[in-house]
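Peer 1: Next one to model:
(one chain, ligands or ions: 1)
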Amino acid sequence: MASIACAAVTVPSYAALNAGVSKVTKVSSRATVVCSAAPVENKWSKLAKGLVATGASVLLAASAASAATVKLGSDKGELIFVPDAITVAAGEGITFVNNAGFPHNVVIDEAPDGVDGDALSHEDYLNSPGESFTMTLKDKGTYAVVCQPHQNGGMKMTINVQ
Ligand SMILES: [Cu+2]
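Peer 2: Coordinates of the predicted model:
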């Protein structure tokens with residue numbers, strides 16, 4: 001999700017101005033990825049760099065927020081992970097943040113074959129508002145995760161590592 005090979009702008013029509021554009025790929029309703037084959041050397045160069053930098057940072061921020069941050073407890077106080085399923089790249093950090101209804105913890109109940117889920121778990125309770133930690137999963141596969149205090153109430157999630 002966070003691997004973006006080339007820079008991005010949010011204004012598709014701008015691509016027509018850029019002589020160095022070799023490919024324009026629509027990646028979502030709001031963003032267009034523009035890949036330049038060579039450095040832009042026309043009069044639009046500075047403008048292009050500014051737009052590209054702005055677009056890329058916006059896109060990266062959006063990806064990080066949706067893909068690799070998990071709230072412990074919903075904004076309404078429900079005892080759930082939000083979201084309860086995510087897909088991340090191998091080695092990408094997943095940050096769990098205490099939100100409501102704590103204490104919570106994050107324990108890997110099922111891990112891919114050969115992976116020590118216990119060693120990767122965060123069994124210590126998160127007790128204070130906003131407390132967080134980051135989990136990094138290097139091995140690809142599907143991980144079933146639970147919060148032990150609220151496991152019986154259904155506080156569980158799935159992490160797919162690709
Ligand atoms: Cu919990």
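
Peer 1: Can you read off the pLDDT for His104?
Peer 2: Looking at His104, its pLDDT is 98.

Peer 1: what's near enough to touch it?
Peer 2: By C-beta atoms under 8 Å, 6 or more residues apart in numbering, the contact set of His104 is 72-73, 96, 98, 125-126, 147, 149-150, 155. Any C-beta I mention is one placed from the backbone N, CA and C, and that applies to glycine too.

Peer 1: got it, and Val97?
Peer 2: 69-72, 130-132.

Peer 1: Filter those residues down to the ones in strands?
Peer 2: Using DSSP state E, the members of the contacts of Val97 that fall within strands are 69-72, 132.

Peer 1: Got the domain ranges for this protein?
Peer 2: 2-64, 68-161 (automatic domain parsing).

Peer 1: Report the separation between the two terminal residues of the longest one.
Peer 2: Just to be clear, that refers to domain 68-161. In domain 68-161, first residue to last residue: 11 Å (C-alpha to C-alpha, to the nearest Å).

Peer 1: ditto for stretch 126-140
Peer 2: Stretch 126-140 stretches 26 Å from its first residue to its last (C-alpha to C-alpha).

Peer 1: before we move on, what about stretch 74-89?
Peer 2: Using C-alpha to C-alpha, the two ends of stretch 74-89 sit 24 Å apart.

Peer 1: buried sites along stretch 132-140?
Peer 2: By neighbour count with 16 or more other C-beta atoms under 10 Å, stretch 132-140 contains the buried residues 135, 137.

Peer 1: which residues sit against it?
Peer 2: The contact list for stretch 132-140 (C-beta under 8 Å, 6+ apart) reads 88, 90-98, 106, 111-112, 114-115, 120, 122, 126, 143, 159, 161-162.
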